[in-house]
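Chemist: Build me a model:
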Amino acid sequence: MDTGTTTLRTRIGATLRRQRRLLALGALSLLLHLVVLAWMDGRLVVNPPPSPLSSAATALAVRLTATAPAAIPPGQPAAPLPPIPPIEPIPPIVPIAPGTPAPATPAAVQAPAADATPAGVESFQMPSRYRVVMPPSVRLVYALRDGAGRPDGEASLDWETDGVQYRLALDGVAGSIESEGGTDDAGIAPQRARYRHGAGRAAVAFARERGTIVFESFGGSARDTPGSQDGATVLMQLAGIGLADPDQLQGEVEIYVGRADAAAVERFGVVGRERLVTALGEIETLHLVRTGAAPLEIWLAPAHGWLPVQLRAPAPGGGMRTQVIREIAKSG
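Modeler: This next block holds a predicted model:
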């Protein structure tokens, strides 16, 4: 065999060996691809995609693990745990009396009245809050007329205040009442009032820090509310409401009043504007009427600081007793 033939056979053998290697590598690559595809197909079937809930749980577990406290070295005392805050007690539910009317305005809320006995607690509509400006010190003297319209002496209202504390003495058709106290964000805030009762006086205390009105002479108590008044200060509270914003004196004004033996919401309906003839001349007034078992009419004078320049109430022997302003003097 010559040299040329040998060289040709050598080249052909090398080429075949190279092709066989390439074929083997291709087959191996194909086999690996098939194995990977089979593995991925099995993983998709065995392990489906996690649901949102499982993802959230995994994330929560991760956060809990990440924020776990570090281990405490041996022999070192553990830090004390922070104290647990006390649980606020749930306020008791106050039963609503059947037939209780709905609130007159959205600002009004319900609050219980007397609490002398837990059973049968009466409920009422707590009045709306009003803006109030403290009236300045003043002394009012009235001409008093009896139920038949005859002169019957004089009536008076003495109001002394430094803008924070006050003293008030009232004597006339609305009763004989002495009052003292201060102010808060709801206006005049009585602390104690004394009502003439027969030959003596009946005392009433406004324990505002306890939210209670105490009838010291008759016994018992009632729940207090912001803006509550006594039988004398209610007149000056109406004046303060007019001083703060006359538009508040429309429709019906409601004020919670503590009297000698009980407390209740008193409603003053606005009748309208009237001109009165008085010893001080004609005065433009706003006429209000309190209805109920003890009716009372009040005329407030805008030009005179919304002070009550005329009052009228039933006379003991029939008819109406009236007191009309005769003098307005600065006091204090």
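
Chemist: Any stretches of the stretch 1-150 of the chain with poor pLDDT?
Modeler: By pLDDT under 70, the weakly predicted segments of the stretch 1-150 of the chain are 1-16, 19, 22, 24-28, 33, 35-128.

Chemist: Recalculate using a threshold of 90.
Modeler: 1-129, 147-149 (pLDDT under 90).

Chemist: how about the host helix or strand of residue 183: buried residues?
Modeler: Taking DSSP states H and E as the definition, residue 183 sits inside strand 175-184. By neighbour count on 16 or more other C-beta atoms under 10 Å, the buried set for strand 175-184 is 175, 176, 177, 178, 179, 180, 181, 182, 183. (Glycine included, C-beta is placed from N, CA and C.)

Chemist: right, and out of the residues you listed, which lies closest to residue 135?
Modeler: Nearest to residue 135 among the buried residues of strand 175-184 is residue 183, at 11.0 Å by C-beta to C-beta.

Chemist: I'd say the closest one and residue 191 touch.
Modeler: No - counting by C-beta atoms under 8 Å, residue 183 does not reach residue 191; the two are 10.9 Å apart.

Chemist: Residue 150: how many residues sit nearby?
Modeler: Neighbours of residue 150 under the rule other C-beta atoms under 10 Å: 8.

Chemist: List the residues that contact the closest residue to residue 173 other than its chain neighbours.
Modeler: Closest residue to residue 173 apart from its sequence neighbours, by C-beta to C-beta, 6 or more residues apart in numbering: residue 313 at 4.1 Å. Applying C-beta atoms under 8 Å, 6 or more residues apart in numbering to residue 313 gives the contacts 173, 174, 294, 295, 296, 297, 320, 321.

Chemist: Where does residue 313 sit: helix, strand or coil?
Modeler: Following DSSP: H, G, I helix; E, B strand; the rest coil, the label given to residue 313 is strand.

Chemist: which residues does it bridge with?
Modeler: residue 321 (DSSP bridges).

Chemist: any idea how far it lies from residue 266?
Modeler: 13 Å (C-beta to C-beta, to the nearest Å).

Chemist: Repeat that for residue 281.
Modeler: Computed as C-beta to C-beta, the residue 281 to residue 266 distance reads 31 Å.

Chemist: more crowded one of those two?
Modeler: Each of residue 281 and residue 266 has its neighbours counted (other C-beta under 10 Å); residue 266 has more, 20 against 7.

Chemist: Need the phi and psi values for the more buried one.
Modeler: Dihedral pair for residue 266: phi -110, psi 130, per degrees, to the nearest 10.

Chemist: can I assume it is in contact with residue 258?
Modeler: No - counting by C-beta under 8 Å, residue 266 does not reach residue 258; the two are 10.5 Å apart.

Chemist: Which of the three states applies to residue 30?
Modeler: helix.

Chemist: Next, count neighbours for it.
Modeler: Neighbour tally, residue 30, other C-beta under 10 Å: 10.

Chemist: Could you measure from it over to residue 183?
Modeler: Using C-beta to C-beta, residue 30 is found at 97 Å from residue 183.

Chemist: can you check residue 284 too?
Modeler: Distance, residue 284 to residue 183, using C-beta to C-beta: 28 Å.

Chemist: Same question for residue 281.
Modeler: From residue 281 over to residue 183 the distance is 32 Å, taken as C-beta to C-beta.

Chemist: May I see the buried residues of stretch 204-213?
Modeler: With burial defined by 16+ other C-beta under 10 Å, the residues of stretch 204-213 counted as buried are 204, 205, 206, 208, 213.

Chemist: Farthest pair within the residues you listed?
Modeler: Farthest-apart pair in those is 204 and 208; separation 12.7 Å (C-beta to C-beta).

Chemist: coming back round to it: parallel or antiparallel, which strands does the strand holding residue 183 pair with?
Modeler: Counting by DSSP bridges, strand 175-184 is paired with strand 166-172 (antiparallel), strand 187-197 (antiparallel).

Chemist: average pLDDT for the last one?
Modeler: Summarised as a single mean, pLDDT over strand 187-197 is 95.

Chemist: Kindly report the same for the first one.
Modeler: Strand 166-172 comes out with an average pLDDT of 98.

Chemist: Three-state assignment for the nearest residue to residue 130 once chain neighbours are set aside, please.
Modeler: Closest residue to residue 130 apart from its sequence neighbours, by C-beta to C-beta, 6+ apart: residue 241 at 4.8 Å. Per three-state DSSP, the local secondary structure of residue 241 is helix.
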